[in-house]
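S.K.: just coords:
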Ligand code: BES
Ligand code: MN
Ligand code: MN
């Protein structure tokens, strides 16, 4: 283990600079304008795997963006760790809110600012560097397979096919993922569950064209007015969701589980201040941890229609739109919730309007076991490098492919995340602390060691 420390110390600058180079590639999966950059990023990841010591690495084309796969089989008798991550990033806009270019990484006050710094380039790259340390010091105690995809931020549709087509190649004993957060450097933690997702778009149509709001106003339904009412009715005064059947399958936590969840350190004032809100708000009867971790939600992600340009235009619009997402918890099923939403929302159509609901991607919620060998290895690894046992928490975000690792490959996952909730992932000024990056690189080899023991 001394050798790991020495290798890391000797190569710290290079490890950091390599990450910065990766962050300079704008691998935005959602925007076809960046298709070439996504491909270039895939090549860079493949090269990084080879340089780190993989026996083989390849860029695997898909119907969308490619998947990068590399492996080193030390000895088939050893356990195998399948590392999963994503090299694609979210779009960077609104650009004007960034303090420096999203693809021109800078380090300020010990933090790397760039799109993808935390989600997920900074985090998956820790695994390549940790692997390098083990490979170059001849201390690999597990076989390593690495699968880094380019479509996580757009739903991982082609990765699902890749799993089905490569069951044999992806054979492993555990999936290890760093794409989640921990509480803080003082309070290491492990997320033991992720929420699922149902995402859809709604369109409300009124008159067959935009109208003069004076000539026709008051005479026909305004689709924006109606859409707002429909959306408002989706929550009651306790912020419960009103879609019939929505909560039918929701697994309630036991009192002991709720207590454990709320035992994690949390400073309400600090939370409010950091977000610039004068109060938290959410479903009645639940704490913030419960609301963001184990309760389902419904949020409007965007809403548009009519005139939103400069100045005023008196218009009664023909159409109104919204993008709506629901975060799901065990044992809700994305497809079922999508159908419940669709039925309910269409039934809300008021006279003079028609409503269309269009489903987008979804994903299932997951819970990862805390009693298995893998969780124990992760907990022990964190304890080794942080000097403290990690706290189990529940994550509010979604990584849809995790449920499929279990379903298609029969594999459990450990979410060994080193991000922080305030790393601004998907927001302007995304960052990742240099300290977290190196702490991750330091911790991961211990996972391999303890998992093999
Ligand atoms: N890494 C995130 C998910 C995440 C973040 C989980 C923080 C736990 C803590 C991932 O890249 C992500 O953003 N997922 C999307 C879903 C996807 C289908 C677009 C999400 O959660 O919105
Ligand atoms: Mn991610
Ligand atoms: Mn993301």
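M.R.: Cool, the structure landed. On a predicted model such as this, the values are computed, not experimentally measured, just so you know. Numbers count the residues shown, from 1 in each chain. Ligands and ions are numbered 1, 2, ... in the order given.
S.K.: in the chain, where's the longest helix?
M.R.: Criterion DSSP state H: the longest helix present in the chain is helix 2-23.
S.K.: list the buried residues of that helix.
M.R.: 4, 7, 8, 11, 15, 16, 18, 19, 20, 22, 23 (16 or more other C-beta atoms under 10 Å). Glycine gets a C-beta too; all of them are placed from N, C-alpha and C.
S.K.: what helix or strand does whichever residue of the stretch 1-150 of the chain sits closest to ligand 1 sit in?
M.R.: Scanning the stretch 1-150 of the chain for the residue nearest ligand 1 gives residue 119, at 4.8 Å (criterion: C-beta to the nearest ligand atom). Using DSSP states H and E, residue 119 is not contained in any helix or strand.
S.K.: now check stretch 187-198, is it near ligand 2?
M.R.: No: for stretch 187-198, no contact with ligand 2 is found by C-beta under 5 Å from the ion; the gap never falls below 10.6 Å.
S.K.: buried residues, the following helix or strand past the longest helix of the chain. List them.
M.R.: Counting by DSSP H and E, the next helix or strand C-terminal to helix 2-23 is helix 35-52. By 16+ other C-beta under 10 Å, the buried positions in helix 35-52 come out as 37, 38, 39, 41, 42, 44, 45, 46, 48, 49, 52.
S.K.: could I get the residues you listed as a markdown table with distance to residue 172 and pLDDT?
M.R.: Shown next, in a markdown table, are the buried residues of helix 35-52 (distance: C-beta to C-beta, whole Å; pLDDT from 0 to 100):
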| residue | distance to residue 172 | pLDDT |
| --- | --- | --- |
| 37 | 30 | 98 |
| 38 | 26 | 98 |
| 39 | 27 | 98 |
| 41 | 24 | 98 |
| 42 | 21 | 98 |
| 44 | 24 | 98 |
| 45 | 19 | 99 |
| 46 | 20 | 98 |
| 48 | 20 | 98 |
| 49 | 16 | 98 |
| 52 | 18 | 98 |
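S.K.: before we move on, back to that, confidence score at the nearest residue to the residue of the stretch 1-150 of the chain closest to ligand 1 once chain neighbours are set aside?
M.R.: Leaving aside its chain neighbours, residue 119 sits nearest to residue 425 (3.9 Å; criterion: C-beta to C-beta, 6 or more residues apart in numbering). You'll see residue 425 listed with a pLDDT of 98.
S.K.: who touches residue 425 in this structure?
M.R.: Residues in contact with residue 425 (C-beta atoms under 8 Å, 6 or more residues apart in numbering) are 90, 118, 119, 419.
S.K.: give me every residue that touches the second one.
M.R.: Just to be clear, that refers to residue 118. With C-beta under 8 Å, 6+ apart, residue 118 has these contacts: 419, 420, 423, 424, 425, 430, 431, 432.
S.K.: show me where the stretch 101-250 of the chain has its helices.
M.R.: If DSSP state H, counting those that start in this stretch is used as the criterion, the helices of the stretch 101-250 of the chain fall at 121-136, 157-165, 223-232.
S.K.: and the ones you listed as TSV, adding distance to ligand 2, mean pLDDT and mean neighbour count?
M.R.: Conversion of those to TSV gives the following (distance: least, C-beta to the ion, whole Å; pLDDT from 0 to 100; neighbours: other C-beta atoms under 10 Å):
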stretch	distance to ligand 2	mean pLDDT	mean neighbour count
helix 121-136	8	98	25
helix 157-165	13	96	17
helix 223-232	28	98	19
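S.K.: residue ranges in the stretch 201-350 of the chain under the pLDDT threshold?
M.R.: Scanning the stretch 201-350 of the chain for pLDDT under 70 picks out nothing.
S.K.: determine which two of the buried residues of helix 2-23 are furthest apart.
M.R.: For the buried residues of helix 2-23, the farthest-apart pair by C-beta to C-beta is 4 and 23; their separation is 24.8 Å.
S.K.: which residues of the protein lie near ligand 2?
M.R.: Contact residues (C-beta under 5 Å from the ion) of the chain with ligand 2: 119, 120, 179.
S.K.: from the stretch 351-453 of the chain, which residue is nearest to ligand 1?
M.R.: Distances from the stretch 351-453 of the chain to ligand 1, computed as C-beta to the nearest ligand atom, single out residue 397 as the nearest residue at 2.5 Å.
S.K.: show the contacting residues for that residue.
M.R.: 180, 194, 195.
S.K.: how near is it to residue 119?
M.R.: When C-beta to C-beta, to the nearest Å is applied, the distance between residue 397 and residue 119 equals 9 Å.
S.K.: skipping its backbone neighbours, what lies nearest residue 320 in space?
M.R.: With C-beta to C-beta, 6+ apart as the criterion, residue 320 has its nearest non-adjacent residue at 3.6 Å, and that residue is residue 305.
S.K.: my guess is that neighbour contacts residue 315, does it?
M.R.: No: judged on C-beta atoms under 8 Å, residue 305 makes no contact with residue 315 at a distance of 9.8 Å.
S.K.: quick check: the gap between residue 429 and residue 212.
M.R.: Using C-beta to C-beta, we find residue 429 at a distance of 43 Å from residue 212.
S.K.: those two: which is more packed in?
M.R.: The neighbour count for residue 429 versus residue 212, taken as other C-beta atoms under 10 Å, is higher for residue 429 (17 against 10).
S.K.: and the more buried one, what does it touch?
M.R.: Applying C-beta under 8 Å, 6+ apart, the residues near residue 429 are 97, 98, 99, 113.
S.K.: from the stretch 301-450 of the chain, which residue is nearest to ligand 2?
M.R.: For the stretch 301-450 of the chain, the residue closest to ligand 2 is residue 399, as judged by C-beta to the ion, at 6.5 Å.
S.K.: wait, is that residue part of a strand?
M.R.: No: residue assignment for residue 399, taken from DSSP: H, G, I helix; E, B strand; the rest coil, gives coil, which places it outside any strand.
S.K.: how's the chain carved up into domains?
M.R.: Listed by automatic domain parsing, the domain ranges of the chain are 2-194+365-452, 196-250+296-363.
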